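Chemist: Let me see the structure of the following:
(chains A and B)
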Protein chains: 2
Amino acid sequence: MNFREKLTVATRRNDSLLCVGLDPDPERMPENIGVFEFNREIIDATVDLVCAYKPNLAFYESLGSDGLDALKQTVEHIPADVPVILDAKRGDIGNTARAYARALFDYLGGDAATVNPYLGLDSVEPFIQYRDKGIFILCRTSNAGALDFQSLRCEAAPGTELRPLFEIVALKAKQWNTHGNIGLVVGATYPEELKLIRSTHPDMPILIPGIGAQGGDLASAVGYGINGQGEMAIINSSRQILYASRESDFAEAARRAAAGLREQINHYRTHHTSGL
Amino acid sequence: MNFREKLTVATRRNDSLLCVGLDPDPERMPENIGVFEFNREIIDATVDLVCAYKPNLAFYESLGSDGLDALKQTVEHIPADVPVILDAKRGDIGNTARAYARALFDYLGGDAATVNPYLGLDSVEPFIQYRDKGIFILCRTSNAGALDFQSLRCEAAPGTELRPLFEIVALKAKQWNTHGNIGLVVGATYPEELKLIRSTHPDMPILIPGIGAQGGDLASAVGYGINGQGEMAIINSSRQILYASRESDFAEAARRAAAGLREQINHYRTHHTSGL
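Modeler: Numbers count the residues shown, from 1 in each chain, chains lettered A, B, ... in the order given. Just a heads-up that it's a prediction; the model follows:
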């Protein structure tokens, strides 16, 4: 089963577009618990409520090789029928990108990964070659700095009309999608841009970070993010779920937060698709 | 001593602009040697010939947590007076970028790191806040894919003249350089672009990959890369040195390759600066 199929099956089985971002921060976790144990409890408490999990590698790498071990254990603990998106935002020249792809897919066992487009096709190609994996290209990120370069109006080809860089990235992603395994990252904090990208990419999976702590609006993230079947939008939430409580009830609190968010998402999902 | 001072001291002591890229590839290394042991022999054989070392994290991460341990040991083995540039090309939103900066500077102990600009200032800021560290922003990378986005002609501000994206990145890097710790990555495979960037950034450190296996011309890399004092160009070579021999003489062969390359670099350096 490839990434897209796995995502579809999990979305339908759990009736969910919610992705839980597994970003363990020892300063916000309950005391006296290890990173893997924390993740395991979060996963066990939410596994029937999500369409995917998304660990961000930064939080593991900052803990050194113990962190990397905890990440590997975490990926192994996630049931095989729930896809794991490794949020690594890698980008390097071909020879080196191959080593990153091996790290994320062969060593860690991710079902999908995020990649940065700045180095162009040959930096993304070694990932795309893993046909069963999902490759999410950063298009419009959720942060304020997205305005620095992603918004610049550029010529896609000499003499053509100017359009924002993130749109050109999205167009290239479509051209590169010969194996049908490419997706895009578009932040919930830029709803108009999300709407635009969904209109030009009617069926591509879109990973949507930025709701909750980052302030993105959930209604538009869902309404603008889903495809015609009300799917292929992956709504990520990390802190709101992981740190719903810092006490011994953290896993139950995470479950309540995840269930509530899934319900809200499904409200907007039904509301929107019925209005199409 | 901050990164720039450390780089200057090593450059002058070893009369060298050569940076050895520590990119261990088990398929090209001698048999029956571990990654750390390999690096240690390479370092011991070249430490008086270089201005810096540059491990690329991909090659370690593809080996899992053992790889990360080998990288940490490698950084610890490099004498404190030779700077270590961790080539990680990271880029993520602020909260996450802070975790990456901790991983690279606090956990691994690098003196400098490479970062990807696509996510804008708040993705670079947590690195810049380490004032003693060097932050190399990807500007014009050495690969073919650099043409996909970095060459696109863009408006730096609405209504202004179009210029290539990599030039706008370089201009932003200058604006962001309030602590004087920013450098740029410009590939030797694009000599005209390197010449341009050096002219607009007369004294910023430039990390220059792409000679050797990637085909960049050494004479122009040096001639166009150096500042008015014949310094601040960091000429990286990886495969040409690491894999000069696959036999038991690999460290001596690496030393001969590094010495030869340093000499060639110094030839172009003297030739060029005397002609200024």
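Chemist: contacts and neighbour counts: CA atoms only from here.
Modeler: Noted.
Chemist: Now A:L22. Nearest residue, chain neighbours left out?
Modeler: A:P55 (4.3 Å; C-alpha to C-alpha, 6 or more residues apart in numbering or on different chains).
Chemist: from the chain's centre, how far out does the helix or strand the one you found falls within sit?
Modeler: According to DSSP states H and E, A:P55 maps onto strand A:52-55. Relative to its chain's centre, strand A:52-55 lies at 7 Å (C-alpha atoms, centre = their mean, to the nearest Å).
Chemist: looking just at contacts, which helices and strands does it meet?
Modeler: With contacts defined as 3 or more C-alpha pairs under 8 Å, 6 or more residues apart in numbering or on different chains; DSSP states H and E, strand A:52-55 has these neighbours: strand A:18-22, strand A:85-90.
Chemist: number of nearby residues for the residue nearest to A:L22?
Modeler: The local packing of A:P55 (other C-alpha atoms under 10 Å in any protein chain shown) involves 24 other residues.
Chemist: can you map out the strands along the stretch 51-200 of chain A?
Modeler: Taking DSSP state E, counting those that start in this stretch as the criterion, the stretch 51-200 of chain A carries its strands at A:52-55, A:85-90, A:112-115, A:134-140, A:153-155, A:162-164, A:182-186.
Chemist: Out of those strands, which is closest to A:L17?
Modeler: Comparing the strands of the stretch 51-200 of chain A against A:L17 with C-alpha to C-alpha, the closest turns out to be strand A:52-55 (8.1 Å).
Chemist: and that closest one, what's its mean pLDDT?
Modeler: Averaging pLDDT along strand A:52-55 gives 98.
Chemist: any idea how far the residue nearest to A:L22 lies from chain B?
Modeler: In this view, A:P55 and chain B are 11 Å apart by C-alpha to the nearest C-alpha, to the nearest Å.
Chemist: Which residues are in contact with that residue?
Modeler: By C-alpha atoms under 8 Å, 6 or more residues apart in numbering or on different chains, the contact list for A:P55 reads A:21-23, A:71, A:84-87.
Chemist: What of A:E247?
Modeler: A:P30.
Chemist: Could I get the phi/psi values of it?
Modeler: phi -90, psi -170 (degrees, to the nearest 10).
Chemist: Ok, A:G180 next?
Modeler: Torsion angles, degrees, to the nearest 10, at A:G180: phi 70, psi 20.
Chemist: Check the one 10 residues further on too.
Modeler: Taking degrees, to the nearest 10, you get phi -130, psi 70 for the backbone angles of A:Y190.
Chemist: can you tell me which helix in chain A is longest?
Modeler: helix A:250-274 (DSSP state H).
Chemist: On the pLDDT front, check the most centrally placed residue in chain A for me.
Modeler: Nearest to the mean C-alpha position of chain A, by C-alpha atoms, centre = their mean, lies A:L207 at 4.2 Å. pLDDT for A:L207: 98.
Chemist: just A:G212 next, same as before
Modeler: 84.
Chemist: for chain A, which spans come out with low pLDDT?
Modeler: Along chain A, the parts satisfying pLDDT under 70 run over A:272-276.
Chemist: measure the residue of it most remote from its centre to chain B for me?
Modeler: Centroid-distance maximum for chain A: A:G159 at 34.8 Å, with C-alpha atoms, centre = their mean. To chain B, A:G159 is 10 Å away according to C-alpha to the nearest C-alpha.
Chemist: what does A:R90 give?
Modeler: 7 Å.
Chemist: What residues does the residue lying closest to that residue once chain neighbours are set aside make contact with?
Modeler: Excluding the flanking residues, the one nearest A:R90 by C-alpha to C-alpha, 6+ apart is A:V115, at 4.7 Å. The contact partners of A:V115, by C-alpha under 8 Å, 6+ apart, come to A:88-91, A:124, A:135-138.
Chemist: Name the residue of the stretch 151-276 of chain A that lies nearest to chain B.
Modeler: Chain B sits closest to A:C154 of the stretch 151-276 of chain A, with a gap of 4.0 Å, by C-alpha to the nearest C-alpha.
Chemist: For the residue lying closest to that residue once chain neighbours are set aside, list each beta-bridge partner.
Modeler: Closest residue to A:C154 apart from its sequence neighbours, by C-alpha to C-alpha, 6+ apart: B:C154 at 4.0 Å. When assigned by DSSP bridges, B:C154 has beta-bridge partners A:C154, B:R163.
Chemist: what's the burial count for B:C154?
Modeler: 28.
Chemist: Is it correct that it is in contact with B:R163?
Modeler: Yes - at 5.3 Å, B:C154 and B:R163 qualify as touching, with contact defined as C-alpha atoms under 8 Å.
Chemist: residues in contact with A:G109?
Modeler: A:72, A:75-76.
Chemist: And A:N14, by the same measure?
Modeler: So A:N14 contacts A:48-51 (C-alpha under 8 Å, 6+ apart).
Chemist: So which of those residues wins on neighbours?
Modeler: Counting by other C-alpha under 10 Å, top hit in the contacts of A:N14: A:C51 with 31 neighbours.
Chemist: List the residues that contact A:D23.
Modeler: A:55-56, A:59-60, A:238-239, A:242.
Chemist: can we see that at 10 Å?
Modeler: Listed by C-alpha atoms under 10 Å, 6 or more residues apart in numbering or on different chains, the contact partners of A:D23 are A:35, A:39, A:54-60, A:87, A:237-239, A:242, B:96.
Chemist: Tell me which of the helices and strands packed on strand A:52-55 is the most buried.
Modeler: strand A:18-22 (a mean of 27; mean count of other C-alpha atoms under 10 Å in any protein chain shown).
Chemist: tell me the angle of it relative to helix A:250-274?
Modeler: If you take axes from the mean of the first three to the mean of the last three C-alpha atoms, to 10 degrees, strand A:18-22 sits at 140 degrees to helix A:250-274.
Chemist: With only the CA atoms kept, save strand A:18-22 in PDB.
Modeler: Listed next in PDB are the C-alpha coordinates belonging to strand A:18-22 (Å, rounded to 0.1, in the frame of the first residue of the first chain):
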ATOM      1  CA  LEU A  18      -6.300  15.200  12.100                       C
ATOM      2  CA  CYS A  19      -2.600  14.700  12.200                       C
ATOM      3  CA  VAL A  20      -0.900  14.700  15.600                       C
ATOM      4  CA  GLY A  21       2.500  16.400  15.500                       C
ATOM      5  CA  LEU A  22       4.800  14.400  17.800                       C
END
